[in-house]
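Peer 1: pasting the sequence and the predicted model now:
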Amino acid sequence: MTQAQIQLQNALTTTFLANMVFLNEYDNELYQRVENLSRMIETGEYQERYELEFVMENGDFDAFDKVTNSYLYGKNPKKINNSFINQVDFKHTKSISSIEGFFEYKDYPTIDIKFEFKGEFGSLLQKYANEYSTILNDYLDSKTKNYKKIDKFIFLGTLLGRHIPKIVEKTDALLFLVIEPNLEIFRLSLFTVDYSILAKNKKALFLVMEDNLKIKEQISIFLNIGVFDNYLIKFMDVNKNVDIYYNTTISLLNSIKATKYDFLRHLYMYINKTTKYIENKNNFLLFNKLKKELDFFKNIPVLYLAAGPSLDLNIDWIKKNQDRFFIVTIGSVYKKLLNSGIKVDLVTTLDEQKWLERVQFPDEIIEKSAKNTVFLASAITSEKIIKKLENKNLFLFEIYNPFFKNNYAFSSYSIGDMTLDILLQLNVKNIYLLGLDLALNQETGETHSSEAGSGVSKIDLENKDKTPFGRKSLVTLKGNLQKEVKTIELFYGSIKVIEEFLSKKDKDVNVYNLSKNGAFFEGTIPQNIEDLNIDTLKILDKTDLNLNNILEKYSINSLEQESKDSIKSQIEYLETKFKEQLNGINSIDFKNYKEFNLYILKILQDIKDSENLILYNLLYNYYLIFITYLNYHFNDARLNQEYKKVNKIKSIFSSQIENLINDYILCIERLIKTWNKKSFKSF
């Protein structure tokens, strides 16, 4: 070995060891995996596929693939690395964006923005967006745009990483996501590039040769850091093997968009309906007290029947053994169960759509309801359903943030997973799940049980006609009673929420999953229904099980004084400090967009500090939609008249926020009648 070769070898070893020190501190799990691979290579347990080679005539490193008998860079690494670097520019190419499409349109429907507005939230949101895009004359035409800065960057594949330092220097991004599908290749790159540059005054995440679940988890972390900067995520890709990472990023970015439940729905559905139901003196359950005291289910097993395909396979078994369980279901299969001769003890419903009353709770089904059946409805449930169930054993539960001080408010993707959380909050000790599949019928591709009141879709199990990583694209996961099952992207969020619920359950709570075709949930006990020793469960005398009378003790139909005092303090805050801050938007002479943005963030933080989380979440949702667009617009290397533009948008911002606040006040003033009413219209 020549002196030059010895020096090169020493340099490679030094770089590798420095990287291992860095990974040990920065991402210990990845460090352990690389360390383990190195040990297996040294002991001969693992045969290396790739060999690192310095191409003398090219002056850079390549890797020889012993399986394909070829080089990763075709023995021309310098040219390939330069092409990677040249991929990266400050234009809209090679980028992902979270900006809502509402800003693309030059026209908008004719709508009056007022509280009496009853339904077309998309049209109203488009009108809000159009006020900004029109005054800025920016309809998301990014073809000629040059950005001033790049805050988030993804390396879709590293290969030997020799291009990474120059791209880091070129972009000077604040957050990097480093993805490499092959651990062995990533290990080789540790010899050739100093990864610590990614963390100098910046932050980096690594995603190296992981399974689908880990891919989603790590990309989700990346997207949720600096969420306001998701309007521009630049990337460079090294080959076609990284498509899964790109598609997953697109899918997850869409799943966290603020328009999934936008500020208009937040105000005119959630806040408006909840305050109406409180004003109408509907009974609300105080789950904070129930969780501490209720022992009704201590020795009563609960069979929770959801709308998954496994429900159809077991209807006869359920009917035969129904008296051994307290039976809980959701509105979408209530009709199906009653028509099958199954008595239901508790029914939950969540959604706001008016048509659900006709499909899930028709008159003939309400007439069939047992005397003791309890109905739990969310505070955004359709008024038609609430009115139909008012003469039954109806209780409402809060969602998102509680109006009843210190109450537990539920939040989830669907009534299916939310109902499991409800059972956990009711202190059920033994829960048997059936139909909570969150997976497809593995033979037909159907998403739900037949006749499900929420609708049934049929998915192509070969996924031949579906766009990758759409709401209905196929995903393969660990099965409950099968090695693996096919499900869809739409169900993935519910699975993770369920596992989060279960991670917090009491140690003496057992959750048995009986669904044959269901997905596996961490925290459950898979149980084949045929092996269940049903005789160990005694037959229940349900005439003595009057849950309704017990829940009445934990329900309330008006705000307690503490909650009223909290509402009063909110109104006082809005009429004093917030009013002053909102007026300040128009009076302050902002020199640039950054000053304006920091002022708005200060207002939001003050609202959060005042512990008015309902209002904070409403305005934060508004901010997330519109500030993302404004961040995009003002991040322009050729931006002109910034001062004038800021003074234009600040009036739109204050006007729109004033509309929202006025309607918010109209809602919450229903909750108390003793405060000195003052008009908020004087802004």
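Peer 2: Great, that's in hand.

Peer 1: what about the helices in the stretch 301-450 of the chain?
Peer 2: When assigned using DSSP state H, counting those that start in this stretch, the helices of the stretch 301-450 of the chain occupy the ranges 310-313, 315-321, 331-339, 355-360, 363-368, 383-389, 415-425.

Peer 1: residues contacting the fourth one, please?
Peer 2: Contacts with helix 355-360, where a contact means C-beta atoms under 8 Å, 6 or more residues apart in numbering, come from 331-332, 334-335, 349, 382, 384-385, 388, 453-454. From N, CA and C alone the C-beta is placed, and that goes for glycine too.

Peer 1: lowest-confidence one in the residues you listed?
Peer 2: Lowest pLDDT of those: residue 453, 47.

Peer 1: any stretches of the stretch 51-200 of the chain with poor pLDDT?
Peer 2: Scanning the stretch 51-200 of the chain with the threshold set as pLDDT under 70 gives 108-120, 142.

Peer 1: the helices in it, which residues?
Peer 2: Applying DSSP H, counting those that start in this stretch to the stretch 51-200 of the chain gives helices spanning 77-87, 121-136, 164-171, 183-189.

Peer 1: average pLDDT across the helix or strand just after the last one?
Peer 2: Proceeding C-terminally, helix 183-189 gives way to strand 203-208 as the next helix or strand, assigned by DSSP states H and E. Confidence over strand 203-208 (mean pLDDT, whole number) is 95.

Peer 1: may I see the buried residues of the next helix or strand after strand 203-208?
Peer 2: For strand 203-208, the succeeding helix or strand toward the C-terminus, using DSSP H and E, is helix 212-224. Neighbour counts over helix 212-224 (16 or more other C-beta atoms under 10 Å) mark 215-216, 218-220, 222-223 as buried.

Peer 1: what's the helix or strand where residue 254 lies packed up against?
Peer 2: Secondary structure assignment for residue 254, by DSSP H and E: helix 243-255. Judged by 3 or more C-beta pairs under 8 Å, 6 or more residues apart in numbering; DSSP states H and E, the packing partners of helix 243-255 are strand 95-96, strand 152-156, helix 212-224, strand 233-237.

Peer 1: worst mean pLDDT among these?
Peer 2: Comparing mean pLDDT across the helices and strands packed on helix 243-255, the weakest is helix 212-224, with a mean of 89.

Peer 1: where does the chain have low pLDDT?
Peer 2: Low-confidence segments of the chain, defined by pLDDT under 70: 1, 108-120, 142, 443, 445, 447-473, 673-683.

Peer 1: quick one: neighbours of the closest residue to residue 363 other than its chain neighbours, just the number.
Peer 2: For residue 363, ignoring the flanking residues on the chain, the nearest one in space by C-beta to C-beta, 6 or more residues apart in numbering is residue 388 at 8.0 Å. Each residue near residue 388 was counted by other C-beta atoms under 10 Å, and the total is 18.

Peer 1: for residue 388, give its distance to residue 337.
Peer 2: Taking C-beta to C-beta, to the nearest Å as the measure, residue 388 falls 18 Å from residue 337.

Peer 1: over to residue 544?
Peer 2: 22 Å.

Peer 1: just the helices in the stretch 551-683 of the chain please.
Peer 2: With DSSP H, counting those that start in this stretch as the criterion, the stretch 551-683 of the chain has helices spanning 561-573, 579-587, 593-609, 613-634, 642-668.

Peer 1: which of those helices sits most buried?
Peer 2: Ranked by mean neighbour count, these are led by helix 613-634 with a mean of 21 (mean count of other C-beta atoms under 10 Å).

Peer 1: on that earlier part again, now for the helices of the stretch 551-683 of the chain, which one comes closest to residue 279?
Peer 2: helix 642-668 (9.5 Å; C-beta to C-beta).

Peer 1: now the angle from the closest one to helix 613-634?
Peer 2: With axes from the mean of the first three to the mean of the last three C-alpha atoms, to 10 degrees as the basis, helix 642-668 and helix 613-634 are set at 160 degrees to each other.

Peer 1: contacts only, for the residue most central in space within the chain.
Peer 2: Using C-alpha atoms, centre = their mean, the residue of the chain that lies closest to the mean C-alpha position is residue 256, 5.0 Å off. Applying C-beta under 8 Å, 6+ apart to residue 256 gives the contacts 98, 220, 223-224, 227.

Peer 1: check residue 214 too.
Peer 2: Counting by C-beta under 8 Å, 6+ apart, residue 214 has contacts residue 207.

Peer 1: hmm, back to that, can you put the helices of the stretch 51-200 of the chain in a markdown table and add mean neighbour count?
Peer 2: Below are the helices of the stretch 51-200 of the chain laid out as a markdown table (neighbours: other C-beta atoms under 10 Å):
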| stretch | mean neighbour count |
| --- | --- |
| helix 77-87 | 17 |
| helix 121-136 | 18 |
| helix 164-171 | 17 |
| helix 183-189 | 21 |
